[in-house]
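> fold the stuff below for me.
(one chain, ligands or ions: 1)
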Amino acid sequence: MKIRKAVIPVAGLGTRFLPASKAIPKEMLTIVDRPTIQYIVEEVVASGIEQVILITSEGKAAIENHFDYNFHLDKILIEKKKTKLAEEMRHISNLIDIVSVRQKKPLGLGHAIWMARHVVGNEPFLVLLGDDLVLSEQPCCKQMINLYREVQESIVAIQQVPLDQTYQYGIVEGRKVRDRVIKVDRMVEKPAPGTTRSDMAIIGRYILQPDIFNILETTTPGHGGEIQLTDALLALSNKRGMYAYQFDGTRFDAGDKIGYLKAVIAFALRHPDICVDFSDYLKDVAGQL
Ligand code: G1P
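Next up is the predicted model:
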């Protein structure tokens, strides 16, 4: 079955980014000239998805407004003869069909995904976490959709991380079936140091079979007292199998201060308007260190 829908949970408080995220959703923090959430939605669009389902919470209206049509702004830009900019703004509002669902209580990532059940229905779907930005030739989601066409089972994107950092991630254990593809045996959310020998960390891209919703319905709180998606994934993997995919590309944790700054630099060095000047500036700065 074709993957048509992408769920993007954006309900999190963003405590790692306070005070910047106190009055502005962390997903609206800018990377060069657009908010991080726009990169995520653009990845979805470039992967051929038809609908985005945002899981939101109080204080996240700016995200919905960003993808809406702003009549007032459009009128002013046209009056000022800023046609190109007006077109760019209209393009953002026409990117893709977006539906929002409120997560009323912060019960965890698993619960956030469960909130999408009525809109997703009985079909496989994508999940993208807003903190994880991936720079790659072919969009990470598209790479996963290509693999899905072949294996027809759930897939989690993974990357290798240093063993002393595995406690920060969902970790996959399994056996390699071919280049970049692993059959999942076990998964654990944020394992205590020394409790796994695997260095394969889940990053925020998943293709899930809709069976996940029934599993989430009865998943009890796990790590941190929250309903964890990883716990439900393990049950789904035991039920019908799951693959982990080592995607081709560079992932940035834009929800973390250093990761965010690295993302700003990487995206600025690829931005046609500023890449040359910015690269010269960086060389100057490096020379002064
Ligand atoms: C979430 C997931 C975790 C995954 C991580 C990737 O954790 O629960 O399994 O490895 O995203 O960014 P969070 O970073 O939201 O704590």
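
> for the rest of this, base every contact and every neighbour count on C-alpha atoms.
Fine.

> who in the stretch 1-150 of the chain is up against the ligand?
Applying CA under 6 Å from any ligand atom, one finds that the stretch 1-150 of the chain approaches the ligand through residue 132.

> for the stretch 1-150 of the chain, which residue gets nearest to the ligand?
residue 132 (5.9 Å; CA to the nearest ligand atom).

> partners of residue 159 in the sheet?
Judged by DSSP bridges, the bridge partners of residue 159 are residue 201.

> so how far is the ligand from it?
In this view, residue 159 and the ligand are 10 Å apart by CA to the nearest ligand atom, to the nearest Å.

> how many other residues sit next to the residue nearest to the residue of the stretch 1-150 of the chain closest to the ligand when sequence neighbours are not counted?
Nearest-residue entry for residue 132: residue 253, 4.9 Å, with adjacent residues in sequence omitted and distances by CA to CA, 6 or more residues apart in numbering. Neighbourhood size, residue 253 [other CA atoms under 10 Å]: 19.

> residue 253 reaches residue 260, doesn't it?
Yes - with contact defined as CA atoms under 8 Å, residue 253 reaches residue 260; the gap is 6.4 Å.

> mind listing the helices for the stretch 151-289 of the chain?
211-217, 229-240, 257-268, 275-288 (DSSP state H, counting those that start in this stretch).

> format these as JSON lines; extra columns: distance to residue 68.
Shown next, in JSON lines, are those (distance: least, CA to CA, whole Å):
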{"stretch": "helix 211-217", "distance to residue 68": "29"}
{"stretch": "helix 229-240", "distance to residue 68": "29"}
{"stretch": "helix 257-268", "distance to residue 68": "24"}
{"stretch": "helix 275-288", "distance to residue 68": "29"}
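
> between these, which one is closest to the ligand.
Short answer: helix 229-240, nearest of the helices of the stretch 151-289 of the chain by CA to the nearest ligand atom, at 5.7 Å.

> show me what contacts the residue nearest to residue 132?
Neighbour list for residue 253: 131-133, 259-260, 263 [criterion: CA atoms under 8 Å, 6 or more residues apart in numbering].

> how many residues are close by residue 109?
Neighbour count of residue 109, defined by other CA under 10 Å: 20.

> same thing with residue 91?
That count, for residue 91 with other CA under 10 Å as the rule, works out to 13.

> check residue 265 too.
Residue neighbour count, defined by other CA under 10 Å, stands at 17 for residue 265.

> could you shift the numbering so residue one becomes 574, and keep it that way?
Yep, numbering from 574; the last one is residue 838 now.

> residues contacting it?
Residue 838 neighbours (CA under 8 Å, 6+ apart): none.

> can you tell me how far it is from residue 732?
To residue 732, residue 838 is 21 Å away according to CA to CA, to the nearest Å.

> and if you look at residue 770?
Here residue 770 is placed at a distance of 14 Å from residue 732 (CA to CA).

> next, the residue of the stretch 574-723 of the chain closest to the ligand: phi, psi?
Residue 705 adopts backbone torsions of phi -100, psi 110, taken as degrees, to the nearest 10.

> still on that earlier bit, residue 770 and residue 732: which is more packed in?
Per other CA under 10 Å, whichever of residue 770 and residue 732 has more neighbours is residue 732, with 20 against 12.

> I'd assumed residue 778 was in contact with the more buried one.
No - using CA under 8 Å, residue 732 is not in contact with residue 778; the gap is 11.1 Å.

> could you dump the contacts of residue 826 to a markdown table with pLDDT?
Listed next are the contacts of residue 826 as a markdown table, based on pLDDT from 0 to 100:
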| residue | pLDDT |
| --- | --- |
| 704 | 91 |
| 705 | 96 |
| 706 | 97 |
| 832 | 95 |
| 833 | 96 |
| 836 | 97 |
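
> any quick PyMOL command for the buried ones out of those?
Applying 16 or more other CA atoms under 10 Å to these, the buried members can be selected in PyMOL as follows:
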select buried, resi 704+705+706+832+833+836
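
> residue contacts, residue 735?
Contacts of residue 735 (CA under 8 Å, 6+ apart): residue 772.

> buried ones in stretch 578-590?
578-587, 590.

> for the record, mean pLDDT for it?
For stretch 578-590, the mean per-residue pLDDT is 92.

> who touches that stretch?
Here stretch 578-590 makes contact (CA under 8 Å, 6+ apart) with 594, 598-600, 617, 622-631, 633, 676, 679, 682, 685-686, 689, 693, 698-703, 828-830.

> 6 Å - rerun?
Identification of contacts with stretch 578-590 by CA atoms under 6 Å, 6 or more residues apart in numbering yields 599, 622, 624-630, 698-702.
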